[in-house]
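**Q** Sharing a model prediction with you, sequence too.
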Amino acid sequence: MTRALLLFLGVATVGNAVYRLAQKSVPATANPMVALMGAYLVAFAAAAAAAPLFGLPPAGAWRAQLFSAPVLWLGAGVFLIEIGFLLAYRSGGGLQWSGVAVNAASALLLLPVALLFFREAFSPARASGLAPCLAGLWLLSRG
């Protein structure tokens, strides 16, 4: 792994931990949709502030980039993740296992997509990683 990859995975890891702690801390009395709007207002402001660091697209390209199919699907996925975790935590989901269970299940769902559509490599080492993933999901579901 490159240093850049490790750095960005570290950023994502810290972000994931902050995200889960914040999700678990949203009061049960808060309207979940209002909480999500506030969270996305902060994310929007942070993205707008960081956009110049990545080179601003020409004026006409903004709309094409903002409303492309992958970006719209990304938004739908983010909404489902956010509301899913928020309501899971309110329903008694544990901070220590919910993320692991969702990530493991997502990895299993994405495996055929990664192989068939993105032509990602699959090796015996990766195949052997599926067994602990499946075992972990089974153990987590027995809770």
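**A** Yes, it's here. Numbering: from 1, shown residues only.
**Q** Need the pLDDT of residue 143.
**A** In the predicted model, residue 143 carries a pLDDT score of 67.
**Q** In contact with residue 112: list those residues for me.
**A** Under the criterion of Cβ atoms under 8 Å, 6 or more residues apart in numbering, the contact list for residue 112 is empty. For the C-beta atoms, the positions are set from N, CA and C on the backbone; glycine is no exception.
**Q** Show me what counts as buried in the helix or strand hosting it.
**A** Secondary structure from DSSP states H and E places residue 112 in helix 98-116. Buried positions in helix 98-116, judged by neighbour count with 16 or more other Cβ atoms under 10 Å: 98-99, 101-102, 104, 111.
**Q** what distance separates that helix from the centre of its chain?
**A** Taking the mean C-alpha point of helix 98-116 and that of its whole chain, the gap between them comes to 11 Å (Cα atoms, centre = their mean, to the nearest Å).
**Q** export the buried residues of helix 98-116 to TSV and tack on distance to residue 127?
**A** TSV is the format used below for the buried residues of helix 98-116 (distance: Cβ to Cβ, whole Å):
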residue	distance to residue 127
98	26
99	24
101	21
102	22
104	15
111	10
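**Q** So which of those is the closest to residue 135?
**A** Using Cβ to Cβ, residue 104 is the member of the buried residues of helix 98-116 that lies nearest residue 135, at 9.8 Å.
**Q** measure that closest one to residue 55 for me?
**A** With the distance defined as Cβ to Cβ, to the nearest Å, residue 104 ends up 36 Å from residue 55.
**Q** about what we covered before: which one of the buried residues of helix 98-116 is nearest to residue 137?
**A** In terms of Cβ to Cβ, no member of the buried residues of helix 98-116 lies closer to residue 137 than residue 104, at 5.2 Å.
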